[in-house]
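Colleague: Next one to model:
(one chain, ligands or ions: 1)
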Amino acid sequence: MQNNTFKVGIVGAGWIAEKAAITLNGLPGFQCYAIASRSQEKADSFASCWGVKKSYGSYSALLEDPDVDLLYVATPHSHHFDITREALEKGIPCLVEKAFMANRNQAQAIVDLSRRRKVFLAEAIWTRYQPAVEMVRRIIREGRIGQVRLITATLGYSMGNKERIFRADLCGGALLDLGVYALNFVRMFCDRPFLSMDSQCVKTDTGMDLSNAISIVLEGGILANLQSSAACVGDNIGVIAGTEGNIIIDNINNPQTIRVNGPDRVFQEELKVPKQITGYEYQFVACRDAMAQGLLEPPQMPLEETLYIMELMDGLRARWGVHYPMDDINYTV
Ligand SMILES: NC(=O)c1ccc[n+]([C@@H]2O[C@H](COP(=O)([O-])OP(=O)(O)OC[C@H]3O[C@@H](n4cnc5c(N)ncnc54)[C@H](OP(=O)(O)O)[C@@H]3O)[C@@H](O)[C@H]2O)c1
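Modeller: Residues are numbered from 1 along each chain as shown. Have a look, this model is predicted:
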């Protein structure tokens, strides 16, 4: 890190890369330093649009830049593995978009590599790093809703026409794109083990899950019902219901309001999250702070948790017959 500026290099000049550039441009102490695309022209255009200092016409070229403090992998899930492996082998810290990898096997290989090489690695599941997490946990901890008994969450966007949703070779489906937030929603607010899981899905013509419903029994008499869909505009609300009240979180993909109701659903309080740039800033700050402390992963999203979520998603896909080409390969690094 030079002059106290934390330099981020982005791989893949797509939709989320733009959001990252906007975020970093508004975040003191950070610089959207470099962009890499498969096309030099696209990289140059991204760089001039967002004021990015360096632009590279291949992903590997960016890895040769010695000034990158953190590589942000913003390609489709299918393309996270190769570039993350290459970066970790060169000792470059990585923040990898969700879904972290195609499957648990890929994820384990990458986590093993980061541990072996002692290089920082994190999953960019932005909700894990946001202040709403601690706000909701505190309400639960203080006993304001009594004992948690039911957790429900829906996440839906009408995006079934996107290639990365309907193509198996891009690791398509609603689960890896959207359901991952619903699974994380449960794990963030309830640390009880999962005892059993049931599910259904509706598929695209290409065999990917377009909409899915997942029902989980957790230890302690807790039930979670989750839905995600790439076929419709969901309410995107999460509810944590307890014996004495409930918490309604709007929305589970970047919470803005947290409403607390008491017994008989009587309104108690509505909390708002602090003003955001985009909501993506917290993941970058978490990485910088963890690295400054010499950590190899962020405490907000431990790698073991990333691996567990990948394993859950593997199990769900296996039940639904949603298959990726990567599932046929044994990854070791
Ligand atoms: N955290 C969030 O809120 C959020 C929101 C949306 C997406 N995401 C995640 O971010 C990642 C990228 O999603 P996105 O919406 O940004 O996708 P996108 O707009 O399609 O951009 C992905 C970029 O990846 C690169 N790429 C490399 N190989 C590719 C291939 N075979 N096909 C298509 N693109 C390829 C392309 O960049 P070049 O052409 O420049 O190489 C492309 O622009 C995914 O993992 C997704 O789950 C996260």
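Colleague: quick one: Cys190 and Gly238, what's the gap?
Modeller: Cys190 sits 12 Å away from Gly238 when distances are taken as CB to CB, to the nearest Å. Placement of C-beta: from N, CA and C, glycine included.
Colleague: With Glu269 instead?
Modeller: Glu269 sits 17 Å away from Gly238 when distances are taken as CB to CB.
Colleague: cool, Ile140 as well?
Modeller: Using CB to CB, Ile140 is found at 13 Å from Gly238.
Colleague: Comparing those two, which residue is more hemmed in?
Modeller: Residue environment comparison for Ile140 versus Gly238 gives the larger neighbour count to Gly238, 28 against 17, counting by other CB atoms under 10 Å.
Colleague: That one: what secondary structure?
Modeller: Under DSSP: H, G, I helix; E, B strand; the rest coil, the three-state class of Gly238 is strand.
Colleague: can you start the count at 33 instead of 1 from here on
Modeller: Taking 33 as the first residue, the last one we looked at is Gly270.
Colleague: Around the ligand, pick out the residues from the chain.
Modeller: By the rule CB under 6 Å from any ligand atom, the part of the chain lying against the ligand is 44-48, 69-71, 74, 106-109, 111, 129-130, 158, 196, 202, 209.
Colleague: Filter these down to just the ones in helices.
Modeller: Counting by DSSP state H, the part of the residues of the chain next to the ligand found in helices is 47-48, 74, 196.
Colleague: before we move on, the earlier item: please pick the buried ones from the residues of the chain next to the ligand.
Modeller: Among the residues of the chain next to the ligand, those buried by neighbour count (16 or more other CB atoms under 10 Å) are 44-46, 48, 69, 74, 106-109, 111, 129-130, 158, 196, 202, 209.
Colleague: Disregarding flanking residues, what is the spatial nearest neighbour of Met33?
Modeller: Spatial nearest neighbour of Met33, excluding adjacent residues (CB to CB, 6 or more residues apart in numbering): Asp101 at 5.4 Å.
Colleague: Sorry, wrong one. I was asking about Gln162.
Modeller: Counting by CB to CB, 6+ apart, the residue nearest Gln162 is Tyr314, at 5.2 Å.
Colleague: and that neighbour, how many neighbours?
Modeller: Residue crowding around Tyr314 was assessed by other CB under 10 Å; the count is 23.
Colleague: which element is it on?
Modeller: Taking DSSP states H and E as the criterion, the element that holds Tyr314 is helix 313-324.
Colleague: Centre of the chain to the helix or strand just after that helix, how far?
Modeller: Note on helix 313-324: by DSSP H and E, the next helix or strand toward the C-terminus is helix 335-352. The gap between where helix 335-352 is centred and where its chain is centred comes out at 13 Å by CA atoms, centre = their mean, to the nearest Å.
Colleague: Pull out the buried residues from helix 335-352.
Modeller: The neighbour-count check on helix 335-352 (16+ other CB under 10 Å) flags 335, 337-342, 344-346, 348-349, 352 as buried.
Colleague: outside of it, which residues touch it?
Modeller: Counting contacts by CB atoms under 8 Å, 6 or more residues apart in numbering, the residues outside helix 335-352 that touch it are 131-133, 135-136, 139-140, 143, 146, 153-155, 157, 205, 207-208, 211-212, 215-216, 219, 226, 229, 231, 233, 235, 241, 244, 246, 329, 354-356.
Colleague: Using PDB, write down the CA coordinates of that helix.
Modeller: What follows is helix 335-352 as a C-alpha-only set of coordinates in PDB (Å, rounded to 0.1, in the frame of the first residue of the first chain):
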ATOM      1  CA  LEU A 335     -13.500 -19.200   4.600                       C
ATOM      2  CA  GLU A 336     -15.000 -22.200   6.400                       C
ATOM      3  CA  GLU A 337     -18.400 -20.500   6.100                       C
ATOM      4  CA  THR A 338     -17.800 -19.900   2.400                       C
ATOM      5  CA  LEU A 339     -17.000 -23.600   2.000                       C
ATOM      6  CA  TYR A 340     -20.000 -24.700   4.000                       C
ATOM      7  CA  ILE A 341     -22.400 -22.600   1.800                       C
ATOM      8  CA  MET A 342     -20.700 -24.100  -1.400                       C
ATOM      9  CA  GLU A 343     -21.300 -27.600   0.000                       C
ATOM     10  CA  LEU A 344     -25.000 -26.800   0.700                       C
ATOM     11  CA  MET A 345     -25.400 -25.500  -2.800                       C
ATOM     12  CA  ASP A 346     -23.700 -28.600  -4.200                       C
ATOM     13  CA  GLY A 347     -26.200 -30.800  -2.400                       C
ATOM     14  CA  LEU A 348     -29.200 -28.800  -3.600                       C
ATOM     15  CA  ARG A 349     -28.000 -28.800  -7.200                       C
ATOM     16  CA  ALA A 350     -27.400 -32.600  -7.000                       C
ATOM     17  CA  ARG A 351     -31.000 -33.100  -5.800                       C
ATOM     18  CA  TRP A 352     -32.300 -31.000  -8.700                       C
END
